[in-house]
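Q: Sequence first, predicted coordinates after that:
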Amino acid sequence: MFTFSLTLVRHGETQYNRDKLLQGQGVDTTLSETGAQQAEAVGLYLKDITFNNVFVSNLQRAVQTAEIILRNNTHCSGTEMLLEPLLRERGFGIAEGRPKEDLKNMANASGQACRDYTPPGGETLDQVRLRFKKFLKVLFKQMWDEHGQSGAVSSAGASGAGDAANGTTAASDGAPVRSADDGLQGVAVHALIVSHGAYIRVAVRHLVEDLKCSLPAGMKASHLFSPCPNTGVSRFTLTLSRAEAGPVLAAARCYFTNRKDHLETAAE
C-alpha cells in the first residue's frame, strides 16, 4: 500500500475569465495581471509543501500558473513539470470565445440545464470524466513507479499531530484553523495538478461519487461541487495497492475543495 497527497489548483484569471468569455481548449490565453497576482498568492500559500511530482495542463494559463507556484516554492524551484494534455479544459466547441451567456441561451433553447449541455463540437461531461480516468491511470503508474517502493505512509516533515491528522489544527478557543498543509500530516509524497475550472469540477465529482472518496464531517455538496475560483485549491489523499494490471486505488479521502484563503489574505 502506498499513500500520497493530491493538490489540485485552478489556473489564475485570464482576460477571458474577467470578460465572462468561454475559453475551453481552442482559446489559449495567458494570465491577466490579476491572474498573475493570484498565482503569486497561491504560490506563497503552498510554498512550504514539497511537491514531488507536478502535472500541468499544456494550455498557457495553466503552465504560467504552475511556473509561478514553483518559483515561489521553497523546495521545488527545480522541479520539472509534466505537461499533460489529459488535464486540458473541457472543450466547448462552437461556444469557445463567445460569452458564457450564449452557452446558457443555447442550453435553454435545447431544453437542457447549462451544466449538462454540450454545444456542437464540444465534449460531453462523460467524455471529460473519461479523460480524467485516463489521467488517473497515468498518475497512479508514475507515482507507484517513482515512490511506491518506499511503501506505506511515513512522516512527511509536515508539522502537527493529533487533530492535525484529521486535516485541521485547533486554535486556543477550540475553533478549527485552516492550514495550507491540511491533510499532509504523515504523508511523505505529494503531487500537484494545475488545471481548469470545468475539468476540476468533473474530477472532484468522479473522485467523490464514482470512487467513493470519504469526506470531511459536515461538508455540504453545494460547496463540494461548486465552481472552483481562479487559483482555488482542493486536496485529497489517495492510497494505492498493487494489482496484476498495475496500481489501483484502494482508498481516497477529501480534505477540502475550492479553498481560496490565499486570495482573501492577498486582498488585505
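A: Looks like it arrived, so ask away. None of the values given here were measured: they were computed from a predicted structure.
Q: now what about the helix or strand hosting residue 142, what contacts it?
A: Element membership of residue 142, judged by DSSP states H and E, is helix 125-147. With contact meaning Cβ atoms under 8 Å, 6 or more residues apart in numbering, helix 125-147 is reached by 2, 4, 6, 52-53, 55, 82, 84, 86-88, 90, 116, 118, 123, 188-189, 191, 198-199, 202-203, 205-206, 210, 238, 240, 242, 246-249. The way it works is simple: take the backbone N, C-alpha and C, and place the C-beta from them, glycine included.
Q: of these, buried ones?
A: 2, 4, 6, 52-53, 55, 84, 86-88, 90, 118, 123, 188-189, 191, 198-199, 202-203, 205-206, 238, 240, 247, 249 (16 or more other Cβ atoms under 10 Å).
Q: Give me the three-state assignment for residue 55.
A: At residue 55, secondary structure determined by DSSP: H, G, I helix; E, B strand; the rest coil is strand.
Q: Mind checking which of the contacts of helix 125-147 land in strands?
A: 2, 4, 6, 53, 55, 82, 191, 238, 240, 248-249 (DSSP state E).
Q: and those residues, which two are the farthest apart?
A: Farthest-apart pair in those is 82 and 248; separation 21.1 Å (Cβ to Cβ).
Q: Just want the phi and psi numbers for the spatially closest residue to residue 89 that is not a sequence neighbour.
A: The shortest distance from residue 89 to any non-neighbouring residue, by Cβ to Cβ, 6 or more residues apart in numbering, is to residue 196 (3.6 Å). Dihedral pair for residue 196: phi -130, psi 160, per degrees, to the nearest 10.
Q: quick one: contacts for residue 196?
A: Contacts of residue 196 by Cβ under 8 Å, 6+ apart are 10-11, 57, 59, 61-62, 87-90.
Q: from these, which ones fall inside helices?
A: If you go by DSSP state H, those have 61-62 in helices.
Q: So which of the contacts of residue 196 wins on neighbours?
A: residue 11 (34 neighbours; other Cβ atoms under 10 Å).
Q: Run through the chain and note the low-pLDDT ranges.
A: 150-177, 265-268 (pLDDT under 70).
Q: just so I have it, where are all the helices in it?
A: Under DSSP H, the chain gives helices at 15-18, 33-45, 60-72, 100-110, 125-147, 197-205, 221-224, 261-267.
Q: in the first one, what counts as buried?
A: It stands for helix 15-18. Across helix 15-18, burial judged by 16+ other Cβ under 10 Å covers 16-17.
Q: Any figure for the gap between residue 257 and residue 11?
A: 16 Å (Cβ to Cβ, to the nearest Å).
Q: can you check residue 105 too?
A: Residue 105 is 26 Å from residue 11, by Cβ to Cβ.
Q: do the same with residue 137
A: From residue 137 to residue 11 the distance is 24 Å (Cβ to Cβ).
Q: now residue 258
A: From residue 258 to residue 11 the distance is 14 Å (Cβ to Cβ).
Q: Spit out the contact partners of the closest residue in space to residue 29 that isn't next to it in sequence.
A: Residue nearest to residue 29 in three dimensions, not counting chain neighbours: residue 14, with 4.5 Å by Cβ to Cβ, 6+ apart. Residues in contact with residue 14 (Cβ under 8 Å, 6+ apart) are 23, 29-32, 35, 61.
Q: number of nearby residues for residue 97?
A: 15.
Q: need the contact list for the closest residue to it other than its chain neighbours.
A: Nearest non-adjacent residue to residue 97, counting by Cβ to Cβ, 6+ apart: residue 27, 5.2 Å away. Residue 27 is in contact with 16, 21, 96-97, counting by Cβ under 8 Å, 6+ apart.
Q: likewise residue 110?
A: Residue 110 neighbours (Cβ under 8 Å, 6+ apart): residue 117.
Q: The nearest residue to residue 25 once chain neighbours are set aside: how many residues sit nearby?
A: Distances taken as Cβ to Cβ, 6+ apart put residue 91 closest to residue 25, at 4.7 Å, once the chain neighbours are dropped. Other residues within reach of residue 91, judged by other Cβ under 10 Å, total 20.
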